[in-house]
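Novice: next comes the sequence, and after it the predicted model I'd like to discuss.
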Amino acid sequence: MVSKPLSVGEVASILRVSKPSVLNWINSGALKAFTTYGGHHRIWPADLKTLIDKTGMDIEFEFVDERSHRILVIDDDPEYTNLLKQIVKSELPNVEVISTDDGYDALMRIGELRPQLMILDIRMPKLDGFKVLQLLTERKLDWHMKILVVSGFLDTETREALKNTVADVWTEKSTDAPSMITTIGTLLGGHLRENRRRVSAEPPLVPLKVQAERNLRSPTKFQFH
C-alpha cells in the first residue's frame with residue numbers, strides 16, 4: 001500500500017501513461033504536486049487519488065496518507081531538540097516532530113515533509129538560520145508554514161535583523177514547558193482548536209513579528225479539528 005510521496009515516473013506507471021502526460025497534469029494544476037529542493041516533482045498519494053476520481057480512470061489505487069500535523073525543528077542542540085519532542089508528545093500527541101541539525105538537510109526535505117511549523121535556531125554551523133530564512137524567501141511554498149526562530153541569546157541587532165525576514169515570531173530558548181507549548185500551539189493556530197480549559201483572561205501570544213517571551217504558569221491543552 002502506497003504511503004510516501006511518488007515520483008513522476010511512479011505516477012506514470014500507476015496510471016499507465018507517459019511521464020509527459022503526468023507533467024502536463026501537474027503544470028495545468030489538475031494534479032497537485034510539490035517540488036523538492038533538487039527540483040524534482042513529488043506527488044502525495046491522496047492527491048493522485050483525487051486525480052483518478054475526478055477523471056474517472058478505471059484504476060484501483062490503495063494508499064495511506066501519512067501527512068499529519070508536523071513541526072520541523074532545525075537545531076544543533078540535541079538536548080533542546082529532545083526536550084521539545086517530549087513536550088509536544090505530552091501536550092500535542094497528534095503532532096509529529098521531525099528534527100535535523102543541518103539547514104541544508106531541512107531545505108532538501110521540506111517539500112516532502114510540508115510542516116505547519118518550523119522551529120529554527122538562528123545560530124548553527126554549516127548554514128545559519130538567517131541563510132535558511134533567506135532561501136525560504138526565494139522559494140515559493142504551496143502550503144502555509146509558520147516560522148518560530150529560537151536562540152540562546154537574542155541581542156538587539158539580531159532582533160532588528162529578524163524583522164526583515166519571513167520569521168513570524170522569535171524568542172530566546174526556554175525550558176519552561178507551559179510557555180513553549182503555548183507558543184507552539186498558538187503558532188499552529190488554524191491547525192488546532194483550543195480546549196475550553198484555556199483561561200479566557202490569559203493574554204494571547206504576542207503578535208507576529210515581535211518577540212514571544214512569556215512565562216505562562218499553566219499549560220494550554222489543544223485538540224485537532
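Specialist: Perfect, thanks for sending it.
Novice: state the pLDDT value of M108.
Specialist: Residue-level confidence at M108 comes out at 87, pLDDT.
Novice: does anything pack onto the helix or strand containing it? Which helices or strands?
Specialist: Per DSSP states H and E: M108 is located in helix 103-113. Other elements packing on helix 103-113 under the criterion 3 or more Cβ pairs under 8 Å, 6 or more residues apart in numbering; DSSP states H and E are strand 34-35, strand 69-74, strand 95-100, helix 129-138. Heads up, the C-betas are built off the backbone N, CA and C, glycines and all.
Novice: other SSEs contacting the first one?
Specialist: Secondary structure elements in contact with strand 34-35, counted by 3+ Cβ pairs under 8 Å, 6+ apart, are strand 41-43, helix 103-113.
Novice: what's next to the first one, contact-wise?
Specialist: Counting by Cβ atoms under 8 Å, 6 or more residues apart in numbering, strand 41-43 makes contact with 5-8, 11, 23, 26, 31-36, 111-112, all of which sit outside it.
Novice: tell me the strands beside that strand, with direction?
Specialist: strand 6-7 (antiparallel), strand 34-35 (antiparallel) (DSSP bridges).
Novice: for the chain, which spans come out with low pLDDT?
Specialist: Residues of the chain meeting the criterion pLDDT under 70: 37, 65-68, 93, 190-225.
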